[in-house]
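no FASTA, just this:
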């Protein structure tokens, strides 16, 4: 027994494992790598004592002819011979190449007439493509009756049959039946011949998922037909090796699950650490306490700075607490500033009373120090009024700290309302509509603006690092699969 030579291509992946494992979608790509190596013969060693794939295929074809003669299965198309040019990659010498048509008996289902209530609410599971779960499926949302099975083009599939979704967003999803069941027309089922281990076919179809998706593209709804399935050329290992492959794939996918769980736990811990650190910093009651939490953040900056969005919020919180810049007695008193305005509304200060603000600051309602007004309302009935077209700012134009003016739109407003809605230099714009992540975007002032630019630069560096890691991952996987 010896491993396929290209299994040594795993070495680059293992050499960079720590970097690659933290890359976005790394575990998903690692699962795909396991499946691709499995169907190429690179996961487990080949055994010269195994019956060859060629001999196995001969036995499968004889079984297929016998079942056809006995009327157990329908006669299928005779497809042209497979040539080396039609094989998508190199397989071990003792494997064979075959059409999926020769892996088992394939058949799709149908949807009984919805207007005939006698076809539904029965006892026979009726699966739709969205219910395929990439595992064992035994339950269905709907069930059909024996009458539906008799009158409609339904196929009663056996426990152990392999299911493949053919339509829409679910193309390529697979499952193994745990019970007798029927399906709709978007699902194709395969009853494997005795020379094919159903779990090997299951993992083979998962490995070919991207190929199925690519071949289904182009139409308004992705569609991978039964005809395309049975014409797909696929590798057929000896039966004993199929079982070894399945055992190794299940072992490695279980490790992937553990790695993913560990990564999720680590990310949640890091998120909680960042949130707690910034929360303690922005709610510190005394200067020594503030310095203590600031020192903690600086010490663990590699973790804290990994969450730039929370860092931005922390900077803003510090800014409105007077902790970003030094206070100067020459600046005057906040109460004196507020006294210059007409007090029209008492502030709702419950959420900031616990904060230690600078002594010379004052708390007041926003409406006492600024004139607040909403923008133009779209869709008003302006019939009979003299209007003029003006450019206006939408939510999309008001970003966090700057205006995006590349795409501007015009709006018709009554001429007499122009002064009411006209914007002046240094006006503060705050978004109040749109999705939750867009509400509250606004312009910001000098010191905060400087720190936000620093956040932007930090975020750019993090993005560049993540892009580099992703490129390294893709290059490593390509090297492994093409070795």
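Noted; the coordinates are in hand. Everything numeric in this text was worked out from a predicted model, so none of it was measured.

what about the longest helix belonging to the chain, average pLDDT?
Longest helix of the chain, by residue count under DSSP state H: helix 239-282. The average of the pLDDT scores along helix 239-282 is 83.

Which strands or helices does it pack on?
helix 26-39, helix 198-207, helix 287-299, helix 301-304, helix 308-319 (3 or more C-beta pairs under 8 Å, 6 or more residues apart in numbering; DSSP states H and E). Backbone N, C-alpha and C define where each C-beta goes, glycine included.

Tell me what angle it forms with helix 198-207.
Interaxial angle, helix 239-282 versus helix 198-207 (axes from the mean of the first three to the mean of the last three C-alpha atoms, to 10 degrees): 50 degrees.

Next up, the contacts around residue 104.
By C-beta atoms under 8 Å, 6 or more residues apart in numbering, residue 104 lies in contact with 162, 190, 191, 192, 193, 196, 201.

so what pLDDT did it get?
pLDDT for residue 104: 96.

I'd like the distance between it and residue 57.
Remark: distance between residue 104 and residue 57 (C-beta to C-beta, to the nearest Å) = 13 Å.

any common contacting residues for those two?
Between them, residue 104 and residue 57 share no contacting residue, judged by C-beta under 8 Å, 6+ apart.

Can you pull the phi/psi pair for the closest residue to residue 95 other than its chain neighbours?
Setting aside the residues directly before and after it, residue 95 is nearest to residue 53 in space (C-beta to C-beta, 6 or more residues apart in numbering), at 4.2 Å. Backbone torsions for residue 53, taken as degrees, to the nearest 10, come to phi -60, psi -30.

neighbours around residue 53, how many?
26 (other C-beta atoms under 10 Å).

ok, it touching residue 94?
Yes: under the criterion of C-beta atoms under 8 Å, residue 53 makes contact with residue 94 at 6.0 Å.

what touches both of those two?
Common contacts of residue 53 and residue 94 (C-beta under 8 Å, 6+ apart): 237, 238.

residues contacting residue 215?
224, 228.

So it belongs to a strand, correct?
No: counting by DSSP: H, G, I helix; E, B strand; the rest coil, residue 215 falls outside a strand, being helix.

so what does the host helix or strand of residue 57 touch, helix or strand wise?
Per DSSP states H and E: residue 57 is located in helix 53-69. Packing partners of helix 53-69 (3+ C-beta pairs under 8 Å, 6+ apart): strand 96-99, strand 233-236.

What strands flank the last one, and is each parallel or antiparallel?
Meaning strand 233-236. Strand 233-236 has the following strand partners under DSSP bridges: strand 96-99 (antiparallel).

What's the mean pLDDT across the partner strand?
Mean predicted lDDT for strand 96-99 stands at 96.

do stretch 209-216 as well
87.

Could you list the buried residues of that stretch?
209, 212, 215, 216 (16 or more other C-beta atoms under 10 Å).

how about these in JSON lines, adding distance to residue 328?
Shown next, in JSON lines, are these (distance: C-beta to C-beta, whole Å):
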{"residue": "209", "distance to residue 328": "65"}
{"residue": "212", "distance to residue 328": "68"}
{"residue": "215", "distance to residue 328": "70"}
{"residue": "216", "distance to residue 328": "68"}
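
nearest to residue 84, of those?
Distance to residue 84 across those (C-beta to C-beta) is lowest for residue 215, with 20.7 Å.

now the helices for the stretch 1-150 of the chain?
Ranges of helices in the stretch 1-150 of the chain, per DSSP state H, counting those that start in this stretch, are 10-15, 17-21, 26-39, 53-69, 146-151.

Looking at those helices, which one is packed in the most?
Stretch with highest mean neighbour count among those: helix 26-39 (a mean of 20; mean count of other C-beta atoms under 10 Å).

when you compare where that helix runs with where helix 198-207 runs, what's the angle?
Interaxial angle, helix 26-39 versus helix 198-207 (the same axes, to 10 degrees): 120 degrees.

Give me the helices and strands touching helix 26-39, please.
helix 17-21, helix 198-207, helix 239-282, helix 446-482.

Now do the third one against helix 53-69, angle only.
In other words, helix 239-282. Taking the same axes, to 10 degrees, one finds helix 239-282 and helix 53-69 inclined to each other by 100 degrees.

Report the distance from helix 239-282 to the chain centre.
Helix 239-282 sits 16 Å away from the centroid of its parent chain (C-alpha atoms, centre = their mean, to the nearest Å).

Likewise for stretch 119-129?
For stretch 119-129, the distance to the chain centre is 30 Å (C-alpha atoms, centre = their mean).

same question, stretch 113-125
35 Å.

I figured residue 249 hits residue 38, correct?
Yes: under the criterion of C-beta under 8 Å, residue 249 makes contact with residue 38 at 5.0 Å.

Find residues that contact each of these two.
Common neighbours of residue 249 and residue 38 (C-beta under 8 Å, 6+ apart) are residue 203.

and the longest strand seen in the chain, which strands flank it?
Ranked by residue count and defined by DSSP state E, the top strand of the chain is strand 120-127. The strands beside strand 120-127 in its sheet (DSSP bridges) come out as strand 142-144 (antiparallel), strand 182-183 (parallel).

in that strand, what's buried?
Buried residues in strand 120-127 (16+ other C-beta under 10 Å): 120, 122, 124, 125, 126, 127.

hey, what's the fifth one bridged with?
Assessed by DSSP bridges, residue 126 has beta-bridge partners residue 142, residue 182.

what's the answer for the first one, then?
The residues paired with residue 120 through beta bridges, assigned by DSSP bridges, are residue 144.

Quickly note the distance from it to residue 179.
18 Å.

got it, and residue 378?
From residue 378 to residue 179 the distance is 55 Å (C-beta to C-beta).

Give me the local confidence score for residue 350.
61.

Could you do residue 306 as well?
pLDDT, residue 306: 55.

now swap in the one 4 residues further on and tell me
Here the pLDDT value assigned to residue 310 is 63.

How about residue 18?
pLDDT at residue 18 comes out at 56.

neighbour count winner among residue 378 and residue 179?
Comparing residue 378 with residue 179 by other C-beta under 10 Å, the one with more neighbours is residue 179, at 14 against 9.

I'd say that one and residue 123 touch.
No: under the criterion of C-beta under 8 Å, residue 179 makes no contact with residue 123, lying 10.8 Å away.

Contacts only, for residue 51.
Applying C-beta under 8 Å, 6+ apart, the residues near residue 51 are 238, 239, 240.

list the contacts for the first one?
Taking C-beta under 8 Å, 6+ apart as the criterion, residue 238 is in contact with 47, 50, 51, 52, 53, 56, 94, 95.
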